[in-house]
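S.K.: the amino acid sequence is not available; the structure is as follows:
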């Protein structure tokens, strides 16, 4: 069970409101955040860093609950398509990587997977939609009620603590005239370009 009420019902409501809806993916992010808050505390500025390997719903929970955000530079996204979350604490180097276990959706996982595939291919009947909603509700409850060790495999972090976010020099794209971070510029045909303009010219 969840044990200490680090994540209160009110916080769950606030996180759901921030995200826009309640779902198993958000529940996964809430539980990963629960581990981070218990073990490392909430991020004062950039003290805690989260590296997420997905862009799923749960990342919103991590932003809202832990204080790790894209804007501060202490939420780093790696597009690996894995429900895996690494947390670092800068002051002492404490770190761990949480990877979802295969059975994280409980007994309803198979039903959800089957209906999801059918929904993508041909859509669901009204009865199937009802089963789909019930399965997602049951999966969310299972995630919220289970021990963290039943949901995640906790491993050492891969790699050192990420560097602090840095302010970079703004440049102007010589094609569109828009301001762009220096680290995101490209050179093409003697011009300094932003990535979209570079990609347009590269395809010509």
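M.R.: That came through, no problem. Keep in mind that this is a model prediction, so the values were computed, not measured. Residues are numbered from 1 along each chain as shown.

S.K.: list the buried ones in the worst-scoring helix or strand of the chain on mean pLDDT?
M.R.: Ranked by mean pLDDT, DSSP states H and E, the weakest helix or strand in the chain is helix 109-121, scoring a mean of 87. Buried positions in helix 109-121, judged by neighbour count with 16 or more other Cβ atoms under 10 Å: 109, 111-112, 115. From N, CA and C alone the C-beta is placed, and that goes for glycine too.

S.K.: now those residues in TSV, with distance to residue 139?
M.R.: Listed next are the buried residues of helix 109-121 as TSV, based on distance: Cβ to Cβ, whole Å:
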residue	distance to residue 139
109	7
111	9
112	6
115	12
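
S.K.: which one of these is nearest residue 145?
M.R.: residue 109 (15.1 Å; Cβ to Cβ).

S.K.: the most centrally placed residue in the chain in helix, strand or coil?
M.R.: Here the mean C-alpha position of the chain is nearest to the C-alpha of residue 59 (Cα atoms, centre = their mean), at a distance of 2.5 Å. Three-state call for residue 59 (DSSP: H, G, I helix; E, B strand; the rest coil): helix.

S.K.: then residue 154?
M.R.: Applying three-state DSSP: residue 154 is strand.

S.K.: mean confidence score for the lengthiest helix in the chain?
M.R.: The helix of greatest length in the chain, counted in residues with DSSP state H as the criterion, is given as helix 126-145. The pLDDT scores in helix 126-145 average 92.
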